[in-house]
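# Need coordinates for the following:
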Amino acid sequence: MERILEQLPRFLSQRNLVLLAEAAGMTLAMTAAGCLIGFLLAFVIVYLRQTPGRWALPVRLACIAYVEIFRRIPFLVIIYLVLFTIPLVLRDASLFVIAVVSICIYATAYISEIIRGGIESVPRQQVEAAATMNLGRPQTTLWVVLPQAMPVIVPPAVAFGVSFIKDTALVSQIGMFELTFRGKELNNQGYSAVLVFGTIAFVYFLMSWPLNLWGQYLEKRLAAPRSQRRRRTLRQP
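Numbering: from 1, shown residues only. Below you'll find the model as predicted:
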């Protein structure tokens, strides 16, 4: 404790605080970019996976294989796979690009299952009614299915993004200047590990807690219309 109190004024210098703020911003940027792109690609995966017809069987099998494989590979292994294979596509890829691609691959596999569950929660009669109105599959998905599925999809998808902020610490293994990597640097400079990583843990909490509250707000806000529709249905004679 005496060592922590002695180091605290130097640790809270402007230089160190700026480094930690930049690292926190990098962590949020990686998470936001990877999860948002993964969210969009997950929609594509689910759409292709549910394509009807015998001709689409290879596409469906490829989508199922992607989801099942990358949901069972540790995120750290995906990071190293991207690190050593991305030079085949991009010669001068930055560590940020490598991190975002890794997050995107991982997030796409997990979020696609969330989206699939939300879409399958929509009653089949809704799709059949759209078909009787001569709506094509893209129109049915966009105008009928997704508006009803989004209240089911958004809360767990946001929760996944919030929880994944913590998992980005694994990107420090390839030298990415995110929050955990900066903590290792400060610890190597002689600062107490308890002081450094206690501060890092507090910063992770400060990043995750507001987003968690936002996710809870979205869950309540999106659940309200559904509960209102349910009550109206029960009141009908």
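
# For the chain, give me the ranges with low pLDDT.
224-237 (pLDDT under 70).

# now the top helix by length along it, how far from the centre of its chain.
Selection of the longest helix in the chain by residue count, based on DSSP state H, yields helix 193-235. Relative to its chain's centre, helix 193-235 lies at 14 Å (CA atoms, centre = their mean, to the nearest Å).

# next one: stretch 50-67
On CA atoms, centre = their mean, the centre of stretch 50-67 falls 24 Å from that of its chain.

# Identify each buried residue in it, please.
Neighbour-count burial for stretch 50-67 flags 50, 63, 66-67 (criterion: 16 or more other CB atoms under 10 Å). Every residue, glycine included, has its C-beta placed from N, CA and C.

# In contact with the nearest residue to D167 once chain neighbours are set aside, which residues?
Leaving aside its chain neighbours, D167 sits nearest to F75 (5.7 Å; criterion: CB to CB, 6 or more residues apart in numbering). Contacts here follow CB atoms under 8 Å, 6 or more residues apart in numbering; on that basis F75 touches 102, 106, 167, 170.

# Which among these count as buried?
Judged by 16+ other CB under 10 Å, buried ones among these: 102, 106, 170.

# nearest to V145, of these?
Y106 (25.6 Å; CB to CB).

# Could you list every helix and strand in contact with the helix or strand encompassing the closest one?
Assigned by DSSP states H and E, Y106 belongs to helix 95-120. In terms of contacts (3 or more CB pairs under 8 Å, 6 or more residues apart in numbering; DSSP states H and E), helix 95-120 is packed against helix 14-49, helix 57-70, helix 75-85, helix 146-167.

# list the contacts for Q139?
Contacts of Q139 were listed using CB under 8 Å, 6+ apart, and they are A130.

# Return the set of buried residues in whatever helix or strand it lives in.
Here Q139, judged by DSSP H and E, is contained in helix 137-140. Using 16+ other CB under 10 Å as the test for burial, helix 137-140 gives T140.

# T51 against P58, yeah?
No - with contact defined as CB atoms under 8 Å, T51 does not reach P58; the gap is 10.5 Å.

# okay if I get the helices and strands packed on helix 95-120 as a markdown table plus distance to N187?
Putting the helices and strands packed on helix 95-120 into a markdown table (distance: least, CB to CB, whole Å) gives the following:
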| stretch | distance to N187 |
| --- | --- |
| helix 14-49 | 12 |
| helix 57-70 | 32 |
| helix 75-85 | 20 |
| helix 146-167 | 19 |
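
# For F202, find the nearest of those.
Of all the helices and strands packed on helix 95-120, the one in closest proximity to F202, counting by CB to CB, is helix 14-49 (10.1 Å).

# Which of the residues in the closest one are classified as buried?
16, 19-20, 23-24, 26-28, 30-31, 33-35, 37-39, 41-43, 45-47, 49.

# Equivalent analysis for stretch 174-187, please.
In stretch 174-187, counting by 16+ other CB under 10 Å, buried: 174, 176-183, 185-187.

# which other residues reach it?
Contacts for stretch 174-187 (CB under 8 Å, 6+ apart): 11, 16, 19-20, 22-24, 26-27, 30, 79-80, 83, 95-96, 98-99, 168-169, 171-172, 193, 196-197, 199-200, 203-204.

# thinking in terms of the whole chain, how far from its middle is that stretch?
On CA atoms, centre = their mean, the centre of stretch 174-187 falls 21 Å from the chain's centre.

# for stretch 23-40, same thing?
Per CA atoms, centre = their mean, the centroid offset for stretch 23-40 relative to its chain is 8 Å.

# contacting residues for I98?
Counted by CB under 8 Å, 6+ apart, I98 has contacts 79, 82-83, 86, 174, 176.
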